[in-house]
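[1] This is the structure alone, sequence omitted:
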Ligand SMILES: [Zn+2]
Ligand SMILES: [Zn+2]
């Protein structure tokens, strides 16, 4: 789920309609559904300048496809959000382990 336009030196910025100019983060399209269906979260990168997460359904698909295939990309429907939104989205989808 690496963005080709990010060489890892400069964080990508995004203009969030809620939070203004922020560092960008990536989530799968499923996690943007409202109200949140609580899909679980798999965090693929916790670099504060390159946060990336997808839901448990995406993780299942990723394992099934054995990598970042076109099928996976289509299913994943990756979306850019700001880091503040990312934290809120993540919190809303985390499933307690017990
Ligand atoms: Zn997903
Ligand atoms: Zn935001």
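    The structure has been received and is ready for your questions. Owing to the predicted nature of the structure, the values given are computational and were not obtained by experimental measurement. Residues are numbered from 1 along each chain as shown. Ligands and ions are numbered 1, 2, ... in the order given.

[2] shaky segments in this structure?
    Along the chain, the model assigns pLDDT under 70 to residues 1-9, 36, 96-98.

[3] how about the residue lying closest to residue 78 once chain neighbours are set aside, secondary structure?
    Leaving aside its sequence neighbours, residue 78 sits nearest to residue 26 (Cβ to Cβ, 6 or more residues apart in numbering; 5.5 Å). C-beta here means a position set from N, CA and C on the backbone, and glycine is covered the same way. Put simply, residue 26 is strand when judged by DSSP: H, G, I helix; E, B strand; the rest coil.

[4] In the sheet, which residues pair with residue 26? Tell me.
    Residue 26 forms beta bridges with residue 52, residue 80, as assigned by DSSP bridges.

[5] Grab the most central residue of this structure for me.
    residue 27 (1.6 Å; Cα atoms, centre = their mean).

[6] so that residue touches residue 76, yeah?
    No: using Cβ atoms under 8 Å, residue 27 is not in contact with residue 76; the gap is 9.5 Å.

[7] shared neighbours of those two, anything?
    Shared contacts of residue 27 and residue 76 (Cβ atoms under 8 Å, 6 or more residues apart in numbering): residue 54.

[8] Would you mind listing the residues in contact with the residue nearest to the centre of the chain?
    52-54, 78-79, 81, 86, 89-90.

[9] try 6 Å this time
    53, 79, 81, 89 (Cβ atoms under 6 Å, 6 or more residues apart in numbering).

[10] Max pairwise distance over these: which two?
    Spatial extent of the contacts of residue 27 (Cβ to Cβ) is set by the pair 53 and 79 at 10.9 Å.

[11] If you count surrounding residues, which of the two has more?
    The neighbour comparison of residue 53 against residue 79 (other Cβ atoms under 10 Å) goes to residue 53, with 24 against 15.

[12] Name the nearest residue to the more buried one, sequence neighbours excluded.
    Nearest to residue 53 is residue 43, by Cβ to Cβ, 6+ apart, at 4.6 Å.

[13] Can you mark which positions in the helix or strand that contains the one you found are buried?
    Residue 43 belongs to strand 42-45 when assigned by DSSP states H and E. By neighbour count with 16 or more other Cβ atoms under 10 Å, strand 42-45 contains the buried residues residue 42.

[14] Good, wrapping up.
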